[in-house]
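S.K.: predicted model follows, preceded by the sequence.
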Amino acid sequence: MLTDRDYRAVFEALPDATLVVDAEGVIRDLNPSALLMFGWSREEVEGSPVEMLIPAARRGRHDQHRLRHVEASSPPSMGQGRELRAVRKDGGTFPVEISESPGNLTSDPEHVICTIRDITCLERMRWLSRMKVTAAENERKHLSRELHDEFLQFLVAFTIRGKLLVDERDRDERERAWEVIADEILDAIRGVKRMIRGLRSPKLERQGLVSALATLFRDCRKVHGVTIHASVNLDWVADELDPVTILALYRIVQEAVTNAATHAGVSEAAVTLRSTDGAIIAEIRDEGRGFELPDSRAATDDDHIGLTGMRERAESVGGSLLVQTSPGQGTTVRAAVPMVGPEGER
Ligand SMILES: Nc1ncnc2c1ncn2[C@@H]1O[C@H](COP(=O)(O)OP(=O)(O)O)[C@@H](O)[C@H]1O
Ligand SMILES: [Mg+2]
């Protein structure tokens, strides 16, 4: 038969943070796991309102279903934890799952036992799996657009021209028609190659982000005659980034640099990449002709696949993209992508 002291020892040994809260929402007892989780001492917490463990900004919301007594008529909510955020003594917040069960304690039947689990890892995994699904979905959209633009258009033209070729009686005309078709086939081959390059980047996989960017900027000068003034300060974080984020950053810079080189009418552009406060900021700036920014609905339009693609890339890794431009005012593309996860999940 276990004694009261044994039960106390069980409470103290529980690996989950466990609190006893009275009907007024005051903490009456807690175990060492709870003290460790929140960073307070027993004296600081016992007798204090349970709200001290909830971030200030969320207290109002939490009031409706907070950690206090469960109505006598309610079934126990143990095992049906709710997701909330909690705050440590040092002010850091983290996601938690809270299970409450009526204590049925002899001293006060209104007391509630709350078990609190830190679910930071779980949330991060959920976020990553959401991101993976979104990234795959975006790739599919991108691929279908490319197939439509590059390949379908060609096949349609090819059937028409093929029919004309078969019907052509004049030999010279037939040869000319064939030359046009051969040119279009070469174009289509180039298009498919471009598409394949767009899906994966052997250069990036071989060289890593910083060096692949340097090659990209060099190529820009060679191919378009546009000099890129680059300031890339990522050496110490680039290795820590996950491959999906790296690819997104690379593709965004690649598209924005190509846009500056082909549309802005400039001989130079500036690119900066830096890490700040858990995010990577990539900025591509040209002082060229700028353009009328389409509204967000038109931005999904087929004329702006590059711009839409950049935004989708940034969002697929939990980031955002801002384009500042107007005719004659140059263009700035600014992408911010989180290094680990969305705000607050670090
Ligand atoms: N840096 C820039 N300077 C001037 N015009 C730009 C710039 N970037 C984009 N644009 C304009 O926005 C249009 C859409 O760009 P984008 O979506 O990348 O498509 P694409 O490059 O295939 O034309 C371009 O055709 C161009 O008119
Ligand atoms: Mg473009």
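M.R.: Thanks, I have it. Ligands and ions are numbered 1, 2, ... in the order given.

S.K.: close to ligand 1: what parts of this structure are there?
M.R.: Applying CB under 6 Å from any ligand atom, one finds that the chain approaches ligand 1 through 259-260, 263-264, 286, 288-291, 304-307, 331. (Glycine included, C-beta is placed from N, CA and C.)

S.K.: pLDDT (mean, whole number) over stretch 35-51?
M.R.: For stretch 35-51, mean pLDDT is 94.

S.K.: list the buried residues of it.
M.R.: For stretch 35-51, a neighbour-count test (16 or more other CB atoms under 10 Å) marks Leu35, Met37, Phe38, Trp40, Val45, Pro49, Val50, Glu51 as buried.

S.K.: same question for stretch 313-320.
M.R.: Arg313, Ala314, Glu315, Ser316, Val317, Gly318, Gly319.

S.K.: farthest-separated two in these?
M.R.: Arg313 and Gly318 (11.3 Å; CB to CB).

S.K.: quick one, strands of the stretch 151-300 of the chain?
M.R.: Here the stretch 151-300 of the chain has its strands, by DSSP state E, counting those that start in this stretch, at 227-233, 268-276, 279-286.

S.K.: mind putting those in a markdown table, distance to Pro55, mean neighbour count and mean pLDDT included?
M.R.: Formatted as a markdown table, the strands of the stretch 151-300 of the chain follow (distance: least, CB to CB, whole Å; neighbours: other CB atoms under 10 Å; pLDDT from 0 to 100):
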| stretch | distance to Pro55 | mean neighbour count | mean pLDDT |
| --- | --- | --- | --- |
| strand 227-233 | 33 | 16 | 95 |
| strand 268-276 | 23 | 18 | 95 |
| strand 279-286 | 21 | 22 | 96 |
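
S.K.: wait, doesn't Val180 sit right on Arg161?
M.R.: Yes - contact between Val180 and Arg161 holds when scored by CB atoms under 8 Å: they sit 6.6 Å apart.

S.K.: can you list the domains in the protein?
M.R.: 4-118, 126-199, 204-346 (automatic domain parsing).

S.K.: how much space is there between whatever residue of the stretch 151-300 of the chain ends up closest to ligand 2 and Leu105?
M.R.: Ligand 2 sits closest to Asn259 of the stretch 151-300 of the chain, with a gap of 4.5 Å, by CB to the ion. Separation of Asn259 from Leu105 (CB to CB, to the nearest Å) stands at 68 Å.

S.K.: same check on Ile160?
M.R.: Taking CB to CB, one finds Ile160 at 84 Å from Leu105.

S.K.: who's more crowded, these two?
M.R.: Leu105 (15 against 10; other CB atoms under 10 Å).

S.K.: next, that one: secondary structure please.
M.R.: For Leu105, the assignment made with DSSP: H, G, I helix; E, B strand; the rest coil gives coil.

S.K.: give the contact list for it.
M.R.: Contacts for Leu105 (CB atoms under 8 Å, 6 or more residues apart in numbering) come out as Val20, His111.

S.K.: per-residue confidence for it?
M.R.: The model's pLDDT for Leu105 equals 80.

S.K.: and for the residue in the chain that ligand 2 sits nearest to, the neighbour number?
M.R.: Closest contact between the chain and ligand 2, by CB to the ion, is at Gly306 (2.8 Å). When neighbours are counted by other CB under 10 Å, Gly306 registers 15.

S.K.: what of Ser326?
M.R.: 11.

S.K.: if I look at it, how far off is Val257?
M.R.: Distance from Ser326 to Val257, by CB to CB: 20 Å.

S.K.: how about the nearest residue to Arg42 once chain neighbours are set aside, phi and psi?
M.R.: Computed as CB to CB, 6 or more residues apart in numbering, the closest residue to Arg42 that is not its neighbour in sequence is Leu35, at 6.2 Å. The phi and psi values for Leu35, taken as degrees, to the nearest 10, are phi -60, psi -40.

S.K.: nothing else from me, thank you.
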